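Novice: Provided below for reference: sequence and predicted model.
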Amino acid sequence: MDDILKVAMPKGRIYKQAAKLFHLAGLPIPEDLEEGRRLIIPVPEARMEFILAKPVDVPTYVEYGVADIGVVGKDVLMEENRNVYELLDLGIARCRMSVIGLPDWKQVINPRVATKYPNVASQYFREQGQQVEVIKLNGSIELAPLIGLADRIVDMVETGQTLMENGLVEQEEIFQITSRLIANRVSYRMKNESIQRLCDMLQAVLPVAKV
Ligand SMILES: Nc1ncnc2c1ncn2[C@@H]1O[C@H](COP(=O)(O)OP(=O)(O)OP(=O)(O)O)[C@@H](O)[C@H]1O
Ligand SMILES: O=P(O)(O)OC[C@H]1O[C@H](OP(=O)(O)OP(=O)(O)O)[C@H](O)[C@@H]1O
């Protein structure tokens, strides 16, 4: 049982893209897993077990070693700051973290910034030498400047559709986001051969996947 590789996969928008990559690499993870309610999926023929997790929890499972490796967005890695190895940029779920506001936004003293990423936002404005009050929200962040909760927001932008439909503009890009393969530090030593093999197999298909 010990040589089984436990992989934490994020439910939601990353899942299908990650499953496609694993498939291309010859790893038989079901692509329709999310349609059921099963959370632990053994794939004995590949000596792997997939754990379906909420995206933000993936680094936690990996840091504590209940998953050996995991797939997670760079946004979550930056926010959670967990003690894990980042092994590979998978190039999927590409978007960016940005500061966003209304077009007629004006600088005020101690502005309020709403975000799902309070650590990322605090660090960014600290580095800019700007004092801000960060308000943590859990979704629909674009609402905050529209209804007067915050002056600006820090959130992800992919196509820009959400901004456009809500009359908001991207003001500053903070960093680019893609999903990463991460590993538990002890697992990386103890299961180095199988983790490295998986890493190599995934890396080999990245150009084919055109991500
Ligand atoms: N619009 C987007 N385009 C591309 N990638 C995105 C976009 N929004 C999020 N992502 C990436 O996908 C990851 C997971 O997002 P997803 O919306 O599935 O989960 P979540 O934000 O944790 O939502 P929920 O609270 O619904 O579980 C994010 O951490 C980010 O890396
Ligand atoms: O630039 P776009 O292509 O419009 O994508 C950006 C939107 O996608 C994400 O929202 P998500 O769908 O995860 O919803 P939530 O954060 O509001 O729950 C993000 O928080 C933006 O709102």
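Specialist: That came in fine, so what should we check first? Ligands and ions are numbered 1, 2, ... in the order given.
Novice: Checking residue 204 next. Helix, strand or coil?
Specialist: Here residue 204 is helix, with the state taken from DSSP: H, G, I helix; E, B strand; the rest coil.
Novice: what about it, how many residues close to it?
Specialist: By other C-beta atoms under 10 Å, the residues close to residue 204 number 12. Just so you know, the C-beta spots here come from the backbone N, C-alpha and C atoms, and that holds for glycine as well.
Novice: Show me what the residue nearest the centre of the chain bridges to in the sheet.
Specialist: What sits nearest the mean C-alpha location of the chain, by C-alpha atoms, centre = their mean, is residue 73, with 1.7 Å. Counting by DSSP bridges, residue 73 is bridged to residue 179.
Novice: who are the neighbours in contact with it?
Specialist: The neighbours of residue 73, taking C-beta atoms under 8 Å, 6 or more residues apart in numbering as the test, are 10, 14, 55, 93, 177-180.
Novice: Mind picking the one among the residues you listed that's closest to ligand 2?
Specialist: Closest approach between those and ligand 2, by C-beta to the nearest ligand atom: residue 55, at 9.5 Å.
Novice: what about the top strand by length along the chain, near ligand 1?
Specialist: As assigned by DSSP state E, the longest strand anywhere in the chain is strand 169-177. Yes - judged by C-beta under 6 Å from any ligand atom, strand 169-177 comes into contact with ligand 1 through residue 177.
Novice: returning to what we had before: most neighbours among the contacts of residue 73, which one?
Specialist: Most surrounded of the contacts of residue 73: other C-beta under 10 Å gives residue 179, at 29 neighbours.
Novice: Which positions in stretch 88-99 come out as buried?
Specialist: Under the neighbour-count criterion of 16 or more other C-beta atoms under 10 Å, stretch 88-99 has 88, 90-93, 95-99 buried.
Novice: What lies in contact with it?
Specialist: Under the contact criterion C-beta under 8 Å, 6+ apart, stretch 88-99 has outside partners 13-14, 17-18, 21, 71, 73, 75, 78, 113, 117, 120, 124, 152-158, 170-181, 199, 202-203, 206, 209, 211.
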